[in-house]
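> model the structure of this input:
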Amino acid sequence: MRAVLDACVLYPSVLREILMGFAAQGGFTPLWSARILGEWQRAAARLGPEGAAIASGEIAMLRSTWPEAEIIANPDLETRLWLPDPADAHVLATAIAGGAALIVTLNLRDFPNRALAPEGVQAQSPDDFLMERWLIDASAVETAVRSVHVRTESLSGRDQPLRALLKRARLPRLGKALG
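I've put the predicted structure just below:
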């Protein structure tokens, strides 16, 4: 399955790392555009120059690891699309151009089914996306979550209860299932 990852699921790090870890397990094929990555970088820059620098490095690593993931959509495609927030049309255009069936986003209101269905695309929250995949292939999702959990505890130097970590990452249902 091909899925476009909206900027809001690429930043913050824990959510992105879980999604990318699951993709690395063969759970799905991630897609994005340069514009989506730019939105992530601008969001990180709000933390200051250090945030922008960290995001630049992480974006470079993603591009290196997933060279086929970056999709270039035809600008004409974007102009014919309608979404409640016109600034999000590029995300739908990326999904169409990349042959994605899904947009993984936290902003579901910006991607109503009535606008996406004619294009053969659906929007889903990362929690719903990962829960559905966990029900199909629990080990791949659990492996991705376990890896991020261990790394988060190592970097923070303290215990991080899994359920609380996943809740902060906006994955409360998955946290409840795994916690």
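
> which regions of the chain sit below the pLDDT cut-off?
For the chain, not a single residue meets the criterion pLDDT under 70.

> ok, longest helix in it?
Using DSSP state H, we find that the single longest helix of the chain is helix 138-156.

> quick one: the helix or strand just after that one to chain centroid distance?
Sequence-wise, the next helix or strand downstream of helix 138-156 (DSSP states H and E) is helix 162-168. Taking CA atoms, centre = their mean, to the nearest Å, one finds helix 162-168 lying 17 Å from the centre of the chain it belongs to.

> show me which residues of helix 162-168 are buried.
Leu162, Arg163, Leu165, Leu166, Lys167 (16 or more other CB atoms under 10 Å). (C-beta placed from N, C-alpha, C; glycine too.)

> check which residues of the longest helix of the chain are buried.
Buried residues in helix 138-156, counted by 16+ other CB under 10 Å: Ala140, Val141, Glu142, Thr143, Ala144, Val145, Ser147, Val148, His149, Thr152.

> and the residues you listed, which is closest to Gly48?
Within these, the smallest distance to Gly48 is 21.7 Å, found for Thr152 (CB to CB).

> residues in contact with the closest one?
Applying CB atoms under 8 Å, 6 or more residues apart in numbering, we find Thr152 in contact with Val14, Gln160, Leu165.

> which parts of the chain are helices?
Going by DSSP H, the chain shows helices at 7-10, 13-24, 34-45, 49-65, 75-80, 89-98, 113-116, 126-136, 138-156, 162-168, 172-178.
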